[in-house]
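**Q** Show me the folded form of this:
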Amino acid sequence: MSGVSKEYVKGSEQDWRIDKWFNVHFPGLSYGRLSKILRKGEIRVEGKRVKASFRLEEGMEIRLPPLGKQERTLSTEPKKVMHLSDADAKLIRSMVIYQDDTVIVLNKVPGLAVQGGTNTPRHVDGMLVALQGDKPEKPKLVHRLDKDTSGVLIIARSGQAAKALTESFRNRKTNKIYWALVKGKPSQYEGAVQAPLDKEPGTRGERMAVSEDGKRAITDFKVMDSAAGTVTWMAFRPVTGRTHQIRVHATVLNTPIVGDGKYAAREAFIEGPISKKLHLHARSIEIDHPDGGTLSIKASLPLHMKESWGLFDFDPDDDSNPFEEVDNVKN
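**A** Predicted coordinates:
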């Protein structure tokens, strides 16, 4: 083992969760082991204990405890498959919408967390072993979706692929489009919300709020269809990647996402047959493929959103790029 050491957060790692930082820099360190040494205070940021969800800022000092060689690098030996229930193995395999030798793409179901945490024993990360096949490494997460958000989730099949994909996300070499059903209708047909975000003080968990002192946050939006102004199908494209960015920016437009009780309380729900689940879906993504070229994937709506689309006669199979005109102007 090496001794205690220190690392410093780079500008490109600004706003990363610390568990993501370790996932990139120490790919052999399991999430369970990381959680344990965080709880014990063996990892310190600026001299203080932190949780896995702690977000980093450029220049912060990270104190590292002694770590074994295998924790610092990926083992080349095949890993033993951890115990996974048949139901969970079947679930994670059913979510696969694309795979090759380098990446796997899931259409994540709503209600399933991407990573574990307190009172979250069941999550995508814990199920990925079912997708390992004959590969020497367990598939690795490279980005996240909120627990209640469905849609496209990219998984790397090796540490090398994870680094390449993480670099693409870090440098904003991605084009992510989300679909949402919102209450009301925005005053503009299309545009961009530019409202900085910061953690909301208090004890309401991981919750964000618009703040003049917050971090830069920009979201493009466009109306796709509307039902008499009662509800609107909107497309959102996050230019930046802040926690809960789309959900907060939707409230800035006075069009809260249907089912988002966390940010809109009672205003998020509609009387009638519409599901009370969050109506936010990662519809598509374009990203540099680690092997070259561009990976472009679309994910179909989850059942509760398909049913809502049907109620308002929206087209759940719309294949257009709502931001094509914006991209053409920029180019």
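**Q** T294 bridge partners, please.
**A** The partner list for T294 in beta bridges (DSSP bridges) reads D288.
**Q** how far away is it from P139?
**A** To P139, T294 is 21 Å away according to C-beta to C-beta, to the nearest Å. Just so you know, the C-beta spots here come from the backbone N, C-alpha and C atoms, and that holds for glycine as well.
**Q** what's the longest helix in the protein?
**A** If you go by DSSP state H, the chain has its longest helix at helix 159-170.
**Q** Over the helix or strand following that one, what's the mean pLDDT, rounded is fine.
**A** For helix 159-170, the following helix or strand on the C-terminal side (DSSP states H and E) is strand 174-183. The pLDDT scores in strand 174-183 average 97.
**Q** List the buried residues of strand 174-183.
**A** For strand 174-183, a neighbour-count test (16 or more other C-beta atoms under 10 Å) marks 174, 176-183 as buried.
**Q** Kindly report the same for stretch 9-28.
**A** By neighbour count on 16+ other C-beta under 10 Å, the buried set for stretch 9-28 is 9, 13, 15-24, 26-28.
**Q** Which residue, neighbours along the chain excluded, lies closest to P196?
**A** Leaving aside its chain neighbours, P196 sits nearest to G214 (3.6 Å; criterion: C-beta to C-beta, 6 or more residues apart in numbering).
**Q** Where does pLDDT dip in the stretch 51-200 of the chain?
**A** Within the stretch 51-200 of the chain, the set of residues satisfying pLDDT under 70 comprises 68-83, 118.
**Q** ok, back up a step: contact partners for the residue nearest to P196?
**A** 196-198 (C-beta atoms under 8 Å, 6 or more residues apart in numbering).
**Q** then stretch 173-183 to CSV, C-alphas only?
**A** Presented in CSV, the C-alpha positions along stretch 173-183 are these (Å, rounded to 0.1, in the frame of the first residue of the first chain):
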residue,chain,number,x,y,z
LYS,A,173,-19.1,17.0,-26.2
THR,A,174,-22.6,15.6,-25.8
ASN,A,175,-26.0,16.6,-27.0
LYS,A,176,-28.7,15.4,-24.5
ILE,A,177,-32.4,16.0,-25.1
TYR,A,178,-35.1,15.4,-22.4
TRP,A,179,-38.8,15.3,-22.9
ALA,A,180,-41.2,16.5,-20.2
LEU,A,181,-44.9,17.0,-19.6
VAL,A,182,-45.4,20.3,-17.8
LYS,A,183,-48.3,22.2,-16.4
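**Q** Distance from it to the middle of the chain?
**A** The chain centroid and the centroid of stretch 173-183 are separated by 12 Å, computed with C-alpha atoms, centre = their mean, to the nearest Å.
**Q** List the residues that contact Q115.
**A** So Q115 contacts 19, 31, 52, 123-125, 141, 144 (C-beta under 8 Å, 6+ apart).
**Q** ranges for the strands of the stretch 201-331 of the chain?
**A** With DSSP state E, counting those that start in this stretch as the criterion, the stretch 201-331 of the chain has strands at 208-210, 218-227, 231-238, 280-288, 294-298.
**Q** quick one on the thing from earlier: comparing T294 and P139, which shows the higher neighbour count?
**A** Higher neighbour count among T294 and P139: P139, with 26 against 10, using other C-beta atoms under 10 Å.
**Q** thinking again about what came up before, tell me the pLDDT at the residue nearest to P196?
**A** pLDDT for G214: 92.
**Q** what do you get for G241?
**A** 89.
**Q** for the contacts of Q115, which one is nearest P110?
**A** Nearest to P110 among these: V124, at 12.4 Å, using C-beta to C-beta.
**Q** What is the burial count for that closest one?
**A** Using other C-beta under 10 Å: V124 sits among 25 other residues.
**Q** now it, nearest residue through space, not along the chain?
**A** Closest residue to V124 apart from its sequence neighbours, by C-beta to C-beta, 6+ apart: V114 at 4.8 Å.
**Q** what about the one you found, neighbour count?
**A** Neighbourhood size, V114 [other C-beta under 10 Å]: 18.
**Q** Surely it and I155 touch.
**A** No: applying C-beta atoms under 8 Å as the test, V114 and I155 come out as separate, 10.2 Å apart.
**Q** where do the contact lists of those two overlap?
**A** L141.
**Q** list the contacts for S211?
**A** Counting by C-beta under 8 Å, 6+ apart, S211 makes contact with 196-198.
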